[in-house]
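Peer 1: Sequence first, predicted coordinates after that:
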Amino acid sequence: MAFDPEIKDALIEQVRRFVRERCVPAEADVAEADKVPDALVDEMKSLGLFGLAVPESYGGLGLDMETECLVGFELGWTSPAFRSAAGTNIGIGSQALVLFGTEAQKTEWLPKIATGETVTSFALTEPEAGSDAGGLKTRATKDGGYYVLHGSKRYITNANVADLFTVMARTNPDEPGGKGVSAFIVPRDTPGLTVGKPEKKMGQQGAQICDVNFDGARIPESARIGQEGEGFKVAMSVLDKGRLHISAVCTGMAERLISEMVNYAIERKQFGKAIMDHQLIQGLIADSQAEAYAARCMVIDAAKKRDAGENVTMLASCCKMFASEAVGRIADRAVQVFGGAGYVADYGIERFYRDARIFRLYEGTTQIQQIVIARELARAAKKGEF
Ligand code: CAA
């Protein structure tokens, strides 16, 4: 269902103002402190950002995918650490519950997720199961009306601040791959659950990733999301949506970098004229603009199709692959246009260059998106649809 156009415009305008007036001036400090200030997180909560993708009936804004992506473009305009503060609640941390939760699970958790009182995390990746998510080894062993979890998750975004984890674990050790996997909601205070210390990263300072360890964590059967053995499909459906959201954020960052490039290039003079008047600089900027525009069109098209009820597995992968690769190229060109100034910290361009790198890795590497795209095409062809 399409979101009311007036409310949609007002929301996007509010987010744009918040991003440009409150977040952009704080970017360097957030990177330095490796933390988004609590006051800004509180502002994000009052704007409703934590509940963007939670249905209105559970206290969220219940945005359709198109509107969520329009908000994602705005959030992408600043350091991704700001988006990440609410990002897991908007996306991969909450959506298993939204899409597959029971009424009781939704009623218990979604209102608190929508306000940001409960921060969520998505625990799929493991030391030996990154791209091969179906190879995960964390065990969930049935014990009466409970499951007992053993294993480790790796590089889990927001784990250090999370109150609730969506955890994919193997309930059937005899069933290889995704078929033996189930999904669970596991509160942070469950005895036997511990969170490691945040990793030192290349970029995106202000957003943390940590290990999450389970050593006999006991959770009731009612904490399972979906049926036993359906957890891999739950995770993949969540990622279909998450990949679209990330594509929107990549697009927003690409647009910010183009703005930085153009504004710098019209002022900076070399060889007696603004560098914007040099054709080789124009080439770098024009290529960037065409790619950002293409990414924006792709994301909106795929989001509209998802809103219309279409399966967008392949389109989400196309968007994620294209937008994350494009913003990587654009960040590289931005360093080139800024020259030496792009390489020193004061201008913030090198920070975006580092921040952008993870987009090609998390929520599925570019190579995984290629696999998904090719498989979906082959599947359609075998059914005579292509
Ligand atoms: N929606 C619903 N079901 C899906 C699906 C989708 N998008 N994709 C696959 N499935 C189903 C398949 O239909 C299949 O079902 P059947 O057995 O009934 O036929 C089942 O799931 C297994 O699918 P595959 O055979 O395709 O599984 P696979 O093992 O070959 O792997 C993969 C597929 C695409 C490579 C998958 O493992 C994948 O996406 N890997 C990347 C993982 C990833 O993105 N990780 C990121 C983690 S989150 C993060 O980065 C952020 C953080 O905070 C840590």
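Peer 2: That came through fine.
Peer 1: Minimum distance to the ligand, which residue of the stretch 1-150 of the chain gives it?
Peer 2: G134 (3.4 Å; CB to the nearest ligand atom). In short, each C-beta sits where N, CA and C put it, glycine included.
Peer 1: hang on, that residue packs against K233?
Peer 2: No. Counting by CB atoms under 8 Å, no contact exists between G134 and K233, whose distance comes to 10.5 Å.
Peer 1: quick one: the strands in the stretch 1-150 of the chain?
Peer 2: Residue ranges of the strands in the stretch 1-150 of the chain, as given by DSSP state E, counting those that start in this stretch, are 120-123, 139-143, 146-157.
Peer 1: Reformat the ones you listed as CSV; add distance to the ligand, mean neighbour count and mean pLDDT.
Peer 2: As requested, the strands of the stretch 1-150 of the chain are exported to CSV (distance: least, CB to the nearest ligand atom, whole Å; neighbours: other CB atoms under 10 Å; pLDDT from 0 to 100):
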stretch, distance to the ligand, mean neighbour count, mean pLDDT
strand 120-123, 5, 29, 98
strand 139-143, 18, 16, 98
strand 146-157, 3, 21, 98
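Peer 1: Turn these into JSON lines, columns for distance to A331.
Peer 2: Shown next, in JSON lines, are the strands of the stretch 1-150 of the chain (distance: least, CB to CB, whole Å):
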{"stretch": "strand 120-123", "distance to A331": "25"}
{"stretch": "strand 139-143", "distance to A331": "40"}
{"stretch": "strand 146-157", "distance to A331": "20"}
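Peer 1: who wins for proximity to I373 among those?
Peer 2: For those, the distance to I373 is smallest for strand 120-123, at 22.3 Å, taking CB to CB.
Peer 1: which helices and strands sit right next to the closest one?
Peer 2: Other elements packing on strand 120-123 under the criterion 3 or more CB pairs under 8 Å, 6 or more residues apart in numbering; DSSP states H and E are helix 80-90, strand 146-157, strand 164-170, helix 231-267.
Peer 1: what does it rub up against?
Peer 2: 88-89, 91-94, 96, 113, 153, 156-159, 162-168, 186, 212, 235, 238, 242 (CB atoms under 8 Å, 6 or more residues apart in numbering).
Peer 1: Let me know the secondary structure of P173.
Peer 2: Here P173 takes the coil state, with states given by DSSP: H, G, I helix; E, B strand; the rest coil.
Peer 1: show me the contacts for it.
Peer 2: Residues counted as contacts of P173 (CB under 8 Å, 6+ apart) are 139, 180.
Peer 1: For G145, grab the count of nearby residues.
Peer 2: Using other CB atoms under 10 Å, G145 is surrounded by 8 other residues.
Peer 1: Kindly report the same for F386.
Peer 2: Counted with other CB under 10 Å, the burial measure for F386 works out to 10 neighbours.
Peer 1: swap in A39?
Peer 2: Count around A39 with other CB under 10 Å applied: 9.
Peer 1: separation between it and Q227?
Peer 2: Using CB to CB, to the nearest Å, one gets 43 Å for the distance from A39 to Q227.
Peer 1: list the helices and strands the helix or strand of the chain with the lowest mean pLDDT packs on?
Peer 2: Sorting the helices and strands of the chain by mean pLDDT, DSSP states H and E puts helix 5-17 at the bottom, at a mean of 93. If you count contacts as 3+ CB pairs under 8 Å, 6+ apart, helix 5-17 packs onto helix 65-75.
Peer 1: quick one, the helix it packs on and helix 231-267 angle?
Peer 2: 40 degrees (axes from the mean of the first three to the mean of the last three CA atoms, to 10 degrees).
Peer 1: outside of helix 65-75, which residues touch it?
Peer 2: Everything outside helix 65-75 that qualifies as a contact, by CB under 8 Å, 6+ apart, is 2-3, 8, 11-12, 15-16, 19, 49, 52-53, 63, 82-83, 90, 241, 244-245, 247-249, 251-252, 255, 296, 299-300, 303-304, 306-307.
Peer 1: Tell me the buried residues in stretch 172-187?
Peer 2: Of the residues in stretch 172-187, those buried by neighbour count under the rule 16 or more other CB atoms under 10 Å are 178, 180-186.
Peer 1: Quick one: distance of the least confident helix or strand of the chain to the chain centre.
Peer 2: The chain centroid and the centroid of helix 5-17 are separated by 21 Å under CA atoms, centre = their mean, to the nearest Å.
Peer 1: Near the ligand, which residues of the stretch 151-300 of the chain are found?
Peer 2: By the rule CB under 6 Å from any ligand atom, the part of the stretch 151-300 of the chain lying against the ligand is 155-157, 177-179, 232-233, 236-237, 239-240.
Peer 1: Show me which pair in those is furthest apart.
Peer 2: Using CB to CB, these span at most 26.4 Å, a distance reached by T157 and K179.
Peer 1: anything in contact with each of G134 and K233?
Peer 2: By CB under 8 Å, 6+ apart, G134 and K233 have these common neighbours: G178.
Peer 1: How many neighbouring residues does the residue of the stretch 1-150 of the chain closest to the ligand have?
Peer 2: In terms of burial, G134 registers 17 neighbours under the definition other CB under 10 Å.
Peer 1: List the contacts of it.
Peer 2: Taking CB under 8 Å, 6+ apart as the criterion, G134 is in contact with 177-178, 181, 232.
Peer 1: Kindly report the same for I156.
Peer 2: With contact set as CB under 8 Å, 6+ apart, I156 has these partners: 121-123, 125, 162, 165, 209-212.
Peer 1: of all these, which comes closest to S288?
Peer 2: Relative to S288, and with distances defined as CB to CB, the nearest of those is I209, at 28.5 Å.
Peer 1: Could you find the closest non-adjacent residue to that closest one?
Peer 2: Using CB to CB, 6 or more residues apart in numbering and skipping the chain neighbours, the partner closest in space to I209 is Y155 (4.6 Å).
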